[in-house]
Structures are given as C-alpha cells and as structure tokens.
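Trainee: The sequence and its predicted three-dimensional model are supplied below.
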Amino acid sequence: MNPRRTFLSSAALLSATLLLAAACESAPPVQEMSDARQAIAVARKAGAESYAVEELIRAENYLKTAEQKLGAEQYRDARRAALQAKASALDATEHSEAQRTDRN
C-alpha cells in the first residue's frame, strides 16, 4: 500500500475517532441517566431500603450529583456520576438479593 495513502487513512480514522469522542462529551448523557434511574428502581424492588441501605443511598447521591452536573451542562461529569449511580444500585440489588436468600 502507498505510504501516503496509509498516512491519510490513519489520519482520517484518528479524526473520526476524535470527533466521535468530542460528540460524546458534548451531548447530554440521556441513556446513562435513564439506566441509573432504572437500576435504582430495581434495587428498591429488591429490598435495598431494608437490606442494602448504604449502597442505595450512595446510588441516590451519585444520581443527584449527575442531575446537578447535567443541569450545569457538565456532561462528562454527569455521565461519570450516572455510571457510578448505576454501579452502586447494582451493588445494592446484589446485596439485597443475597440477604433475602440468606434469610429464607
């Protein structure tokens, strides 16, 4: 393959990657926020209010932070907080299910 053509192809690929990354950082994290809210709802249904209080509170606090960052148009930070909220909610669900299983 022609070295110049290879360079141009690599440059085009790098440019496309950078544009995609920039677009992700400049767009509101709608899906991540929705996922976090749904994960918290599932944790509550699993009994996290009784069995995994700390994890549930952590998830809710991360979600509040994500909402504040979203309102301030700090989308990268909002996305990060929403992902942390989801992870904490999943931990709460797992902990709740394990506790309920142990008690039965």
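Mentor: Perfect, I can see it now.

Trainee: helices and strands around the top helix by length along the chain, which ones?
Mentor: Identified as the longest helix of the chain according to DSSP state H is helix 75-103. Secondary-structure packing of helix 75-103 (3 or more CB pairs under 8 Å, 6 or more residues apart in numbering; DSSP states H and E): helix 3-26, helix 30-45, helix 48-51, helix 53-71. For every residue, glycine as well, the C-beta is placed using N, CA and C.

Trainee: Pull the contacting residues for the spatially closest residue to residue 100 that is not a sequence neighbour.
Mentor: Leaving aside its chain neighbours, residue 100 sits nearest to residue 47 (5.9 Å; criterion: CB to CB, 6 or more residues apart in numbering). Residues near residue 47 by CB atoms under 8 Å, 6 or more residues apart in numbering: 96, 99-100.

Trainee: same question, residue 91
Mentor: Contacts of residue 91 by CB under 8 Å, 6+ apart are 52, 55, 59.

Trainee: can you check residue 42 too?
Mentor: By CB under 8 Å, 6+ apart, the residues touching residue 42 are 89, 93.

Trainee: if we go to 6 Å?
Mentor: Counting by CB atoms under 6 Å, 6 or more residues apart in numbering, residue 42 touches residue 93.

Trainee: do residue 98 as well
Mentor: Counting by CB under 6 Å, 6+ apart, residue 98 touches no other residue.

Trainee: From residue 86, how far out is it?
Mentor: To residue 86, residue 98 is 19 Å away according to CB to CB, to the nearest Å.

Trainee: returning to that earlier point: also compute the angle for the longest helix of the chain relative to helix 30-45, please.
Mentor: For helix 75-103 against helix 30-45, the angle by axes from the mean of the first three to the mean of the last three CA atoms, to 10 degrees is 20 degrees.
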